[in-house]
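In: What shape does this take:
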Amino acid sequence: MSISLETIQRARACIEPHVYRTPVTHSRALSRRFNCEVFLKLENWQKTGSFKVRGALNKILTLAEDESRRGIITASAGNHGLGVAYAATVCGIAATIVVPENVSEAKHNALANYDVQLLCKGGDYDEAEEYACELQVQGGLAFVHAFDDPDVICGQGTLALEVLEDLPKAATVVVPVGGGGLICGVGCAIKAIEPTVNILGVQSEASPAMVAALRAGHVVESPIAETLADGLAGRFVCERTLALTRKYVDEVVLVPENAIAAAVAEMFAAEDFVIEGSAAVTLAALSSSKVDFTGPVVLVLTGRNLAGDVLKRIL
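Out: Numbering: from 1, shown residues only. Purely as a prediction, here's the structure:
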């Protein structure tokens, strides 16, 4: 399957009955602070608390009948697992979700509310994925990858259609980057409709897998340090998302951990929004002067699943 504006539009029609059309809202406080028009795409208001439900639904709703009957499996740092759990519930499909042992308490507790098999295995996302792949082979299950899947990428890209419909004058769209599924879908959709829009990706310095791959010219292993942006942490991207990032994304920048924590606190103070570290990297890039302030800037707030004790500590 190719990834194009047409396949992203088809994904939108597929998942539309099951997701929220989240708003793009103007932030007066952030606009005044940065002396530019700042808008927020509120995927922190999405079902399951994250954009990830879009890609999971598009993949699972389009599975073949025999795949649905056998059941599905995935690996996740948390939010993708929640999306898969919700989609599996909608479709009445048995699901196994493997998360790393260091999964955040907020995401683990949210997953425990679903009628799925939840397994904790491995020290990070990549080790959890290795274990999930072993179980997939043993059980003949369909694997729903968190980012290396055209259906998932197209599902994530549906939020870009909403951004341009709500804010046709957008000049820059700032997107968190982990494995790259979201920014590839967003970049493909936006560049097809309005090629002049600047697509900026943001990663934590603690987990720079996409930046490292772009610099090397190929996928490389990137060590992971402790990071508040746990949903973006991974040692590898994939060849598909690396190629699409090169094609559709103007730049990917890194932000330090202290800027991510400060951005969580600032978003709470400015808008009363709870966002997780993986979402806060967009505001951290703005605060670190890594965003072009020419024209309206859209920050994609990808999720809200932050443990209460972590938020309390940050504030």
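
In: can you pull out the strands in the chain?
Out: Along the chain, counting by DSSP state E, strands occupy 24-26, 38-42, 72-75, 95-99, 117-120, 142-143, 172-176, 198-204, 251-255, 297-301.

In: Contact partners for the spatially closest residue to F51 that is not a sequence neighbour?
Out: Spatial nearest neighbour of F51, excluding adjacent residues (Cβ to Cβ, 6 or more residues apart in numbering): E43 at 4.0 Å. C-beta here means a position set from N, CA and C on the backbone, and glycine is covered the same way. With contact set as Cβ atoms under 8 Å, 6 or more residues apart in numbering, E43 has these partners: T22, S50, F51, L159, A279, V300, L301, T302, G303.

In: got the contact list for the third one?
Out: Taking Cβ under 8 Å, 6+ apart, we find F51 in contact with E43, N79, Q156, L159, L182, V300, T302, G303.

In: Quick check: the fourth one vs A189, distance?
Out: This means L159. 9 Å (Cβ to Cβ, to the nearest Å).

In: and what of the third one?
Out: Between Q156 and A189 the distance, using Cβ to Cβ, works out to 10 Å.

In: before we move on, what about the second one?
Out: Relative to A189, N79 is positioned 20 Å away (criterion: Cβ to Cβ).

In: For the residue minimising distance to the centre of the chain, which non-adjacent residue is spatially closest?
Out: Nearest to the geometric centre of the chain sits L182, at 5.3 Å (Cα atoms, centre = their mean). Distances taken as Cβ to Cβ, 6+ apart put Q156 closest to L182, at 4.5 Å, once the chain neighbours are dropped.

In: Next: R70.
Out: Nearest one to R70, counting by Cβ to Cβ, 6+ apart, is G140 at 5.4 Å.

In: ok, back up a step: generate JSON lines for the contacts of E43, with distance to V174 and pLDDT as supplementary columns.
Out: As requested, those are exported to JSON lines (distance: Cβ to Cβ, whole Å; pLDDT from 0 to 100):
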{"residue": "T22", "distance to V174": "16", "pLDDT": "98"}
{"residue": "S50", "distance to V174": "17", "pLDDT": "97"}
{"residue": "F51", "distance to V174": "14", "pLDDT": "98"}
{"residue": "L159", "distance to V174": "13", "pLDDT": "98"}
{"residue": "A279", "distance to V174": "11", "pLDDT": "98"}
{"residue": "V300", "distance to V174": "7", "pLDDT": "98"}
{"residue": "L301", "distance to V174": "10", "pLDDT": "98"}
{"residue": "T302", "distance to V174": "11", "pLDDT": "98"}
{"residue": "G303", "distance to V174": "15", "pLDDT": "97"}
